[in-house]
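Engineer: Model the structure of this input:
(chains A and B)
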Number of protein chains: 2
Amino acid sequence: MALIVQKFGGTSVGSIERIRKVAQIVRETWESGHRLVVVVSAMSGETDRLLRLAYELSAEPHEREMDMLLSSGERVTSALLAIVLNEMKIPAQSMTGRQVGIKTDSVHTKARIASISSERLTETLQKGIIPIVAGFQGISAEENVTTLGRGGSDTTAVALAVAVKADRCDIYTDVLGVYTADPNLVPSARKLDQISYEEMLEMASLGAKVLQTRSVEFAMKYKMPVRVRSTFSTDPGTLVTEEEKRMEHIVVSGITLDKNQAKITVQDVPDKPGLAARLFETISSQSIVVDMIVQNVGQDGLTDISYTVPRSDARKAERLAAQIASEIGAGEIKIKEDIVKISIIGVGMRSHSGVAARMFSTLAREGINILMISTSEIKISCLIDEKYSELSVRALHEEFQPETRGTLHEG
Amino acid sequence: MALIVQKFGGTSVGSIERIRKVAQIVRETWESGHRLVVVVSAMSGETDRLLRLAYELSAEPHEREMDMLLSSGERVTSALLAIVLNEMKIPAQSMTGRQVGIKTDSVHTKARIASISSERLTETLQKGIIPIVAGFQGISAEENVTTLGRGGSDTTAVALAVAVKADRCDIYTDVLGVYTADPNLVPSARKLDQISYEEMLEMASLGAKVLQTRSVEFAMKYKMPVRVRSTFSTDPGTLVTEEEKRMEHIVVSGITLDKNQAKITVQDVPDKPGLAARLFETISSQSIVVDMIVQNVGQDGLTDISYTVPRSDARKAERLAAQIASEIGAGEIKIKEDIVKISIIGVGMRSHSGVAARMFSTLAREGINILMISTSEIKISCLIDEKYSELSVRALHEEFQPETRGTLHEG
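Structural biologist: Purely as a prediction, here's the structure:
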């Protein structure tokens, strides 16, 4: 008699037949005596359809309006799933982000959850009704509809799981779980049975699209067990949970490739204190996340500052850079979009030295040039040319795979 | 410098190109110095698409969920129109039914407006922003999304016009205005320049789909001038306004055909007081509107009660009838759906006698049998077999047309 949050992604609800399949999963859980909250995404293709309409009307659609537009997709799915469950005599009720009390900041298209007032959700559960929540959305203090960014329904699910003190949060998707690398690129990639929050967090933010980064942050902060599993299989998937001792045997748990990268270079920046700060403050004030930064000091008192931003923000970031450059008397702006970030992740790196060196020499052996590097305690990322995407993932998987495999056999 | 409410129907916003066209109309009005509130319907085809999805999942989809589902269509349009207006540097903001303060009762799928708290709408106008309102929807006291029934965006528009004390309400649609009869059926049908609220009310409720009945009731109650006109023409359309003296010269202003009719007969009802009341109270408690009623008293103390309901409610009405019939010991239920209601409308009927007789003899001359009759001060309706639809409209238009024409020339 657990309380479970189940979240179904876009492909899981991508057609009427699939919505029926999801209803079956909900019914089975319900009939096993569990209570549950269901969170749904927009039907696959729907968000893209709406985006296309918006971009036909404007190259940079007004962000408040984009939230009004895109939030409709999840509402449709929640109503449809509630309709089929009611048809099956299972009490269910669609609920919007506002109705489940998700209050966010006012950063449209990538709002962050500020608080959750879950009274109505709790009441609904107490009445024995299954809430079918439209994911991805909330409401700002100004009572405007906001959305939580791509993959935001994961965050809705984990945040609601925390709010109602669920026993666990199951994220149903179209893959069996979290893999050591993208199986489309690396045929020998394997599903992980278990992964730590820290590793999942790195993998999510480094381009493994299986969970939205913020959902993992929430889960880690509140120690909410999250299971990533397939809607179309009975495989138990991958459990995202607290780090266990035995995980340290694994040096590298996963390899990710992030194609959503663009590199911007501001040339000939006068080498005076405060200029870089001004640049990055302006960019971050527009809610653009800068990832890697490199500064090359020249001999003439001028420096080049290069940094990476999500490719989807590249146009906006470039315009901002040009504006600041003219204010501070810097030179030209260069933008490079055919680049990717390749990363290796593993809590085992903490206790194993020489991992970075092995990564760099593996890439060098394949003739792959490294443009930028960034590291944390449990990951190493390299920015490389996009054309080396597959080659780099395969080479690194080949290099680090044995440890991964060994541990999977152990677990 | 007027304050105008403009409402654009589904075909007017049916594609990206058409949304651009609507934006042009809004821009021209705005640039003429008027303030305005815009109300939009769902893109044509969208509501039907959503209905199809729902009916694939359930023969009788849960009505609360239908409202959540269908209300998304108007939200999409309002966001898209706001996006293109912002792109044109015209300050515009999409607003939902809840955001403009439309509070309704809790009768899902055909809610009625209970009150409007227009503070936020007024604030938005005062900021110089054009509110782009998602029509058709409101919010119940329980904070659930409700919808106002097919054509409900007309009612949203007129009700908001009243709430903000607009100078007029323009309903943009895909026809030039209100016609003397459906031009698809009667090639000689003509557009009316002006029509009284009373006549429009009868026409709307009798099947002319140009305005939702309730929107006309609102307009009449608050004397709000409504202009029905085409998005695709500069023709001034038809003004719906208070009755003028000269209108009385017209005997018949319009002829309508309502195909949304089903006749239900409860056979062998014991002829005891209160049984009919019980039947119709039960039906109306389910928010089904009964239109015509005929009772045939037999010789054996048993009567047949026949009545018409909207065809879309026929299934539900039949089930209710069967339930009551078994409770009160009545006989079989018969249902007939291949029927239509043909009506003639005109304020001139008040001062002209013999109109009904002319209508009946015209139908008789064509061999059309009349199943039921109902009349009001300014209209006469006959229920007939569906197969006579076109024939009856044409014959009646031919019979009454001269008066209509004469007056149009006068006006």
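Engineer: who in the stretch 101-250 of chain A is up against chain B?
Structural biologist: Residues of the stretch 101-250 of chain A that fall close to chain B, judged by Cβ under 8 Å from any Cβ of the partner chain: A:Arg120, A:Glu143, A:Val145. For the C-beta atoms, the positions are set from N, CA and C on the backbone; glycine is no exception.
Engineer: Most neighbours of all the residues you listed, which one?
Structural biologist: A:Val145 (28 neighbours; other Cβ atoms under 10 Å in any protein chain shown).
Engineer: That residue: what's it in contact with?
Structural biologist: By Cβ atoms under 8 Å, 6 or more residues apart in numbering or on different chains, the contact list for A:Val145 reads A:Asp67, A:Met68, A:Ser71, A:Gly97, A:Arg98, A:Gln137, A:Gly138, A:Ile139, B:Thr96.
Engineer: Among these, which are located in strands?
Structural biologist: Secondary structure from DSSP state E places A:Gln137, A:Gly138, A:Ile139 of the contacts of A:Val145 in strands.
Engineer: Around the first one, how many other residues sit close by?
Structural biologist: Number of residues near A:Gln137 (other Cβ under 10 Å) recorded here: 28.
Engineer: So it sits against A:Leu69, correct?
Structural biologist: No - using Cβ atoms under 8 Å, A:Gln137 is not in contact with A:Leu69; the gap is 11.3 Å.
Engineer: And the ones in strands among the contacts of A:Val145, which is closest to A:Tyr222?
Structural biologist: Nearest to A:Tyr222 out of the ones in strands among the contacts of A:Val145 is A:Gly138 (Cβ to Cβ; 17.9 Å).
Engineer: What's opposite that closest one in the beta bridge?
Structural biologist: With DSSP bridges applied, A:Gly138 shows beta-bridge pairing to A:Thr146.
Engineer: Low-confidence ranges, chain A, go.
Structural biologist: For chain A, applying pLDDT under 70 flags the ranges A:245-249, A:401-411.
Engineer: Spell out the residue ranges of the helices in it.
Structural biologist: A:16-31, A:46-57, A:63-87, A:119-126, A:152-163, A:197-205, A:213-221, A:275-285, A:314-328, A:355-365, A:389-410 (DSSP state H).
Engineer: out of those helices, deepest packed?
Structural biologist: The highest mean neighbour count among the helices of chain A, using mean count of other Cβ atoms under 10 Å in any protein chain shown, belongs to helix A:152-163: a mean of 28.
Engineer: hang on, A:Thr375 packs against A:Cys382?
Structural biologist: No - applying Cβ under 8 Å as the test, A:Thr375 and A:Cys382 come out as separate, 9.6 Å apart.
Engineer: More neighbours: those two, which one.
Structural biologist: A side-by-side neighbour count of A:Thr375 and A:Cys382, using other Cβ under 10 Å, places A:Cys382 first with 24 against 14.
Engineer: Could you measure from the closest residue to that one other than its chain neighbours over to chain B?
Structural biologist: Nearest residue to A:Cys382, sequence neighbours excluded (Cβ to Cβ, 6 or more residues apart in numbering or on different chains): A:Ile370, at 4.7 Å. Separation of A:Ile370 from chain B (Cβ to the nearest Cβ, to the nearest Å): 41 Å.
Engineer: residues in contact with A:Ile370?
Structural biologist: Here A:Ile370 is in contact with A:Phe360, A:Leu363, A:Cys382, A:Leu383, A:Ile384 (Cβ under 8 Å, 6+ apart).
Engineer: go on, A:Asp235?
Structural biologist: Residues in contact with A:Asp235 (Cβ under 8 Å, 6+ apart) are A:Leu176, A:Gly177, A:Lys191, A:Arg229.
Engineer: in stretch A:163-172, what's buried?
Structural biologist: By 16 or more other Cβ atoms under 10 Å in any protein chain shown, the buried positions in stretch A:163-172 come out as A:Ala163, A:Val164, A:Ala166, A:Arg168, A:Cys169, A:Asp170, A:Ile171, A:Tyr172.
Engineer: what's the span of that stretch, first residue to last?
Structural biologist: Counting by Cα to Cα, to the nearest Å, you get 20 Å between the two ends of stretch A:163-172.
Engineer: Can you list the neighbours in contact with it?
Structural biologist: With contact meaning Cβ under 8 Å, 6+ apart, stretch A:163-172 is reached by A:2-9, A:12, A:22, A:25, A:37, A:116, A:118, A:121-122, A:125, A:154, A:157-158, A:160-161, A:211, A:215, A:219, A:224-231.
Engineer: A:Gly101 - how many residues pack around it?
Structural biologist: Other residues near A:Gly101 come to 19 when the count uses other Cβ under 10 Å.
Engineer: Would you mind measuring from it to B:Asp170?
Structural biologist: Using Cβ to Cβ, to the nearest Å, one gets 39 Å for the distance from A:Gly101 to B:Asp170.
Engineer: How about the contacts made by the spatially closest residue to A:Ile102 that is not a sequence neighbour?
Structural biologist: Spatial nearest neighbour of A:Ile102, excluding adjacent residues (Cβ to Cβ, 6+ apart): A:Gly138 at 3.6 Å. Applying Cβ under 8 Å, 6+ apart to A:Gly138 gives the contacts A:Gly97, A:Arg98, A:Ile102, A:Lys103, A:Thr104, A:Ala111, A:Ile113, A:Val145, A:Thr146, A:Thr147, A:Leu148.
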